[in-house]
Each structure stands twice: as C-alpha cells, then as structure tokens.
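> Quick one: sequence plus predicted model below, questions after.
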Amino acid sequence: MVFAGPLVSSGGERPGVGENPAGWLDLDFAQLISIRLSLVRSMKRANIKQNDDRVLGELAQVAMSSKPMDIELTLERAVMPRFSFSFHTPPMGPSGTLERVLYIENPSVPRKVQQIVDDRGVAASMGMVELWDAGVNEVQITNLLTGGLLGRRRTLVPTRWGITVVDDTLSKAVITRIKELSVIDAFRAGYHEALGNRFAVVLLPSSWSFEMLESWLPFTGNTVGEYMIPGDRESGKGRSSYASNLGGAYYAARLAVAQGLLNLRRQAKCLVFMEVTKSWLAPLGVWRVREGVRRAMASLSAYDDLEMALGHVLANMETPKKNWLASSEFIAERMNYISLDRFLGASYHE
C-alpha cells in the first residue's frame, strides 16, 4: 500500500513554480522553503496495483497534463498548519486525506503522452525514452511513472524511487547514443554554484566513463570536523549495481552530463565534483544536482591539460584539492598511466 495524491498550492505567491525545476536554482532557500510549506499534500491510501479507483483515475489526468492545472480537492477534514522538517527529506507543508478531485479546467495532454499511456504493450523504459525524444521533460515523465501510467504491468511508484528510475533510464539511453560519437579534442571544465552547493564538471578526451564525488564540508549536515568525500563511478560498460554511496544524486548528475555531451555531439571521460557548503540549509531533492550540473555543463571552457582544468574549477571550492584527488579513482588511474608511460618512454631511450 502507498499514499497517492498531488501537492496543491494553498495560495502561494508563485503558482506553477513547482513545475519548472530549471528555474528553481534562481530562488533562495527562504523562497523555496516558503513554497514547499505552502503546498498541501493530499493523500489517498491505495494498493500499488489498483487502477480502477475513481479518484486515482482523476489524478491520472493531472499527471498527463503538460501544464499546471487548476483543481479543487475535497479532503476528509480541515488540514492543520503542521510542518515537517528532516535532514533527509524536503520541508513538507500540511497534509490531509483525499476524498474527491474536481477539475476547474481541462488538462492539456500532448498527443505523444496520450499515445504512450494508451499503449499497454510498450515497456515502461521504452515509453520514457519515446516521451523524452518527443520533448516531454523528466518531471512529467516521473509524474506518469509514479502515477502508474507507464509500462505493461502498471503500478503506483513512490516518488523518490520514480525520480531515480527516470534519471537512470533516460541517461542510459543517452549514453548509448554518445558512445557512437567522436571523443572531445580538449580537456574541458565548467562550474556552477547555487543553494549551498557547488558543482564542477571536468571532461577528459577519452571514451565514455563517469565518476562523481561529493564533499561535505566539516560541520555541515551530519559530518563532524573532517572532509567526507564518498563517490561512485562506472566504466564504459555501465554499472551492475545501485550507486549506493551517492544514491539519486549520481543518476541526476549522470543524466545532466550525458545530455550535455549529446548536445556537444561528443563523448568523454567525465568527472563531477559536488561540494555541500555551510550555506546549505535543508534538503530540496536531487533536482538541484541535475540542474546545477546542467549549468556547469553550459559553462564549459577548454584547457590544454588536466591539471589546468582541475585547477580552474577546484579553486572555487573549499575542499582541498589533495582531498579530491585522493578520492578519485579516475585521477589515480590517469596518474598511474602517465607515470608508466613516462617510465616506458625513458626505458626505450636507454
């Protein structure tokens, strides 16, 4: 059993902002937390395989709409102004048990969305990729997946899982395509900072592989007095297990990098550095990683060597460069390769 239902605005100042993650990085913590707390979480207890419930059927239309809809909800009782704060989940406003949904306006459903939802012969993964290729963004695709509207065996999916599944599925499809492209011809690096997070991307001229490192500055979040730099990575063969050190952030960053490379029509070995600073106030979701890395990819500059590329972006971070380098398996592999190459080169001349 799961709880299903939409988050609806109780009259916040920025209606519709929840549908535009690309613009969330331009807001500050106070604005984002205020928006989160102004949303009412409506909930209906449902079996994950239940697909004939009237209320869930009405909510499906909301998930299929490409634009925010005006809807009116009837709750079991008046909601109390209770708020939830946690180290692991975004701030939450009040909640209530959902009884009825009333459309104030009709949903705007793209033809491709209607086609994929109607076709129960299309696997969920294939449906996601077809929607992505048709211009449907990952937020709406996640809404469709979590609402039990995709795939042959349809079930409701918890939102947190759904976000990662969509990021993972879409990035794998994009990676398959970029592996057929030429390798970049120079080292490149880009940087972006927002909402207490710093994002750096370094691209090396090589075939596709990906590594992400995440540094929590001392006394930030739940760390105590030392740098913590967990990481996850994959070779060109991909991963065979979940990226448990970084979780959803890994897949969100991988999608952003892969999409950026596809736009460049190139492939590369990719390093992502993420630093959580003392300005970080509350968890907001992995969207911040996806959008932050996208902006870092949009700011790429070319460099003659890896040292220059790393120096450009890591100079903006408080975590010492030596700590980053010691935590990166990719950089260790490259340094070993260079040392061996120099040794063999010297041997050949003796």
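Everything's here; your move.
> which residues of the stretch 101-250 of the chain score low on pLDDT?
Along the stretch 101-250 of the chain, the model assigns pLDDT under 70 to residues 101-104, 219-225.
> Show me the strands in it, by range?
For the stretch 101-250 of the chain, applying DSSP state E, counting those that start in this stretch gives strands covering 187-194, 197-204, 209-216, 231-234.
> List the residues that contact the most centrally placed residue in the chain.
The centre of the chain sits closest to Ala252, judged by C-alpha atoms, centre = their mean, with a distance of 2.9 Å. Counting by C-beta atoms under 8 Å, 6 or more residues apart in numbering, Ala252 makes contact with 163-164, 167, 286-287, 289-290, 293. Heads up, the C-betas are built off the backbone N, CA and C, glycines and all.
> likewise Ser65?
Listed by C-beta under 8 Å, 6+ apart, the contact partners of Ser65 are 107-109.
> What subset of those is buried?
Taking 16 or more other C-beta atoms under 10 Å as the criterion, what is buried in the contacts of Ser65 is Pro107.
> would JSON lines of the contacts of Ser65 with distance to Phe199 be doable?
Shown next, in JSON lines, are the contacts of Ser65 (distance: C-beta to C-beta, whole Å):
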{"residue": "Pro107", "distance to Phe199": "35"}
{"residue": "Ser108", "distance to Phe199": "33"}
{"residue": "Val109", "distance to Phe199": "34"}
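> and which of the contacts of Ser65 is nearest Leu37?
Using C-beta to C-beta, Pro107 comes nearest to Leu37 of the contacts of Ser65, at 26.7 Å.
> Could you measure from the nearest residue to that closest one once chain neighbours are set aside over to Glu105?
In space, not counting the residues next to it along the chain, Pro107 is nearest to Ser65; the distance is 3.6 Å by C-beta to C-beta, 6 or more residues apart in numbering. Separation of Ser65 from Glu105 (C-beta to C-beta, to the nearest Å): 9 Å.
> Likewise for Ser182?
Distance of Ser182 to Glu105, given as C-beta to C-beta: 48 Å.
> picking up where we left off before, turn the strands of the stretch 101-250 of the chain into JSON lines, including mean neighbour count and distance to Leu32.
Shown next, in JSON lines, are the strands of the stretch 101-250 of the chain (neighbours: other C-beta atoms under 10 Å; distance: least, C-beta to C-beta, whole Å):
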{"stretch": "strand 187-194", "mean neighbour count": "21", "distance to Leu32": "11"}
{"stretch": "strand 197-204", "mean neighbour count": "26", "distance to Leu32": "13"}
{"stretch": "strand 209-216", "mean neighbour count": "24", "distance to Leu32": "20"}
{"stretch": "strand 231-234", "mean neighbour count": "21", "distance to Leu32": "27"}
